[in-house]
Structures are given as structure tokens and as C-alpha cells.
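1. The sequence isn't on hand, but the structure is:
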Ligand SMILES: [Ca+2]
Ligand SMILES: [Ca+2]
């Protein structure tokens with residue numbers, strides 16, 4: 001790895017897709033002054049970590065958060081963490097390290113008794129972590145004031161907020177229709193007011209949309225969906241489908257204060273909706 005002088009702080013996190021191997025997650029921090037191998041650490045248990053995804057964020061105090069999916073029932077968790085023990089069938093893990101990756105500051109599981117897969121994480125304006133996952137769990141923990149406390153069909157999204165010390169679930173809601181909703185590695189974002197944007201792929205004709213939204217009906221098979229929620233995850237502010245007759249998959253979201261929300265994905269639709277002036281028609 002070549003270190004550029006302009007790189008002030010650089011983090012690499014690897015993920016693997018080998019399902020037949022037991023592979024721990026590891027994170028490496030590179031700094032321009034590093035003369036030896038940069039700070040790095042393994043993090044894992046006896047099962048698999050990060051077979052589907054590992055994502056990371058840097059806190060305002062320099063701490064490093066990593067989140068992913070684990071099948072280990074013995075992953076290191078910290079006393080007083082929100083959920084110290086494994087819930088089964090694949091859970092989310094979230095771990096917080098100091099900037100040098102020397103100390104595990106906090107570590108928790110989050111999940112229900114069924115399968116969780118896909119994880120996406122961002123840090124909100126209030127410092128809470130905002131996480132999105134895809135779940136098959138019928139008992140994923142939700143908050144009393146959640147938009148939706150009930151699962152719908154096969155796979156749903158769950159969006160939750162957890163405190164920066166990983167001790168308190170601040171809010172959590174299901175989001176889905178009667179068929180499958182599928183998240184991605186970078187499908188959540190937050191604006192300066194703390195409102196939360198999430199994108200996913202849905203095959204549910206009853207996925208919740210809002211009156212006046214760009215497209216309130218499922219188009220064909222799979223569509224992208226884009227949803228804006230309030231900061232407590234207690235209501236949908238706006239929600240739309242985005243797609244055309246063939247499959248349209250949504251993979252990523254970016255919030256830009258000036259221009260709004262960007263979505264990226266993959267389409268098999270020849271007639272995917274386009275604006276007039278595009279890079280490529
Ligand atoms: Ca689980
Ligand atoms: Ca569903």
C-alpha cells in the first residue's frame with residue numbers, strides 16, 4: 001500500500017465472502033508517519049464475521065466503529081453493552097475501538113432470533129450510530145414509538161439508532177412490505193436535522209409510500225425504494241419507489257446538503273426513468 005503525503009488518516013477494512021472458512025474481521029489504520037506495519041487488530045469469534053459486509057465509521061473523538069454480521073456466539077462484548085449475548089442465526093455486531101486500535105472501548109450484538117444480514121452504518125448529527133440491516137427475525141427489538149414494530153413477510157429492513165457507547169438502543173423500527181426488502185452496504189444517510197434517509201430493494205407491492213411521492217406503485221419485479229424518516233424513527237416523512245418493468249436494485253445512498261439525495265444501483269430495465277440531461281442515455 002502506497003502512502004500519499006496528503007493522506008492524513010487512512011483506514012482499510014477488508015471483508016471476505018468465503019462462506020466455508022472461519023474468518024475474523026480485521027481493521028488496519030495507516031498514518032503517514034507509520035514506519036512499521038500500521039496499527040491493526042483482529043476482531044472475531046469462533047464463527048464467521050463479515051461474510052456479507054463490514055463497514056466502518058470514525059467518531060468525532062477519533063474512535064473507530066466497525067459493524068458487520070457475525071455467526072459467533074463468543075464474540076467479545078463489553079460489560080453493560082446493549083446486548084452482550086448472541087441472539088442466533090446471524091446477528092449484527094458493532095465494536096468501538098480507540099484510534100490506535102489498541103483498546104476495545106465497547107462491543108455489542110444487535111439482532112433477533114432469526115437471520116440478520118447486510119449492515120450499513122452512519123453517524124448522526126447527535127453522535128448516535130444509525131444502522132440499517134436486513135432481517136428475517138420476527139422479534140427484532142423495536143422502540144415503543146417506532147413507525148412499525150411488526151415484521152412483514154420474508155425479509156424486512158430494520159433501521160435503528162444506538163448510543164455512541166453502545167449501551168442504549170435509542171430507536172428502532174421495521175420497514176417493509178409483505179415480500180422481500182433487501183438492504184445493502186451503504187444504504188443509510190442522515191441530514192443536518194437528523195432526518196434519516198434509507199434506500200433498499202423491494203419486491204413488495206404494499207411497501208409503504210407517501211401520497212404525492214414520485215412513484216407510489218411497484219413497477220414490475222424488484223424496485224428501488226427511497227424513504228425519509230424522522231429522527232426518532234417514528235414516522236415516514238416521504239417514501240417512493242424508483243424503477244421500471246424489470247429488476248431495479250438499489251445499493252447506495254449519499255446525502256449532499258446542497259443537492260439532496262443521490263442513489264446508486266443496478267437496473268435491468270431499458271426504460272428506467274431518466275431526466276432530460278444525462279451523462280449517458
Ligand atoms: Ca439473529
Ligand atoms: Ca418484507
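-> Good, I have the coordinates. Since the model is a prediction, treat every value here as computed from it, not as a measurement. Ligands and ions are numbered 1, 2, ... in the order given.

2. give me the number of residues near residue 267?
-> 19 (other CB atoms under 10 Å). Quick note: C-beta positions are derived from backbone N, CA and C, even for glycine.

3. Test my guess that it contacts residue 249.
-> Yes: Residue 267 is within contact range of residue 249, at 7.4 Å (criterion: CB atoms under 8 Å).

4. tell me the centre residue of this structure?
-> The centre of the chain sits closest to residue 120, judged by CA atoms, centre = their mean, with a distance of 1.4 Å.

5. Could you look up the SS state of it?
-> strand (DSSP: H, G, I helix; E, B strand; the rest coil).

6. what about the residue in the stretch 151-281 of the chain that ligand 1 sits nearest to, helix or strand, and which?
-> Ranked by CB to the ion, the top residue of the stretch 151-281 of the chain for proximity to ligand 1 is residue 158, at 10.9 Å. Using DSSP states H and E, residue 158 falls within strand 156-162.

7. Check the offset of that strand from the chain's centre.
-> In terms of CA atoms, centre = their mean, to the nearest Å, the centre of strand 156-162 is set 8 Å apart from its chain centre.

8. Is ligand 1 within reach of the one helix or strand residue 57 maps to?
-> Assigned by DSSP H and E, residue 57 belongs to strand 49-58. No: legend: contact between strand 49-58 and ligand 1 by CB under 5 Å from the ion is lacking; minimum distance shown is 13.0 Å.

9. and that strand, what does it pack onto?
-> Contact partners of strand 49-58 among helices and strands, from 3 or more CB pairs under 8 Å, 6 or more residues apart in numbering; DSSP states H and E: strand 10-13, strand 25-30, strand 64-70, strand 116-123.

10. Can you find the residue of the stretch 51-200 of the chain that comes nearest to ligand 1?
-> residue 111 (3.5 Å).

11. Now that residue. Nearest residue, chain neighbours left out?
-> Among residues not flanking residue 111 along the chain, residue 91 sits closest, at 3.5 Å (CB to CB, 6 or more residues apart in numbering).

12. Can you name the residues of the stretch 101-250 of the chain that neighbour ligand 2?
-> Residues of the stretch 101-250 of the chain lying near ligand 2 (CB under 5 Å from the ion): 152-153, 156, 176, 181.

13. that older thread, beta-bridge partners for the residue nearest to residue 111, please?
-> residue 70 (DSSP bridges).

14. Quick check: it touching residue 110?
-> Yes: assessed by CB under 8 Å, residue 91 is found in contact with residue 110 at 6.6 Å.

15. hey, what's in contact with both of those two?
-> residue 116 (CB atoms under 8 Å, 6 or more residues apart in numbering).

16. neighbour-wise, which of the two wins?
-> Higher neighbour count among residue 91 and residue 110: residue 91, with 29 against 25, using other CB under 10 Å.

17. For the more buried one, give me the pLDDT.
-> Per-residue confidence at residue 91 stands at 96 (pLDDT).

18. measure it to residue 83 for me?
-> Residue 91 sits 8 Å away from residue 83, going by CB to CB, to the nearest Å.
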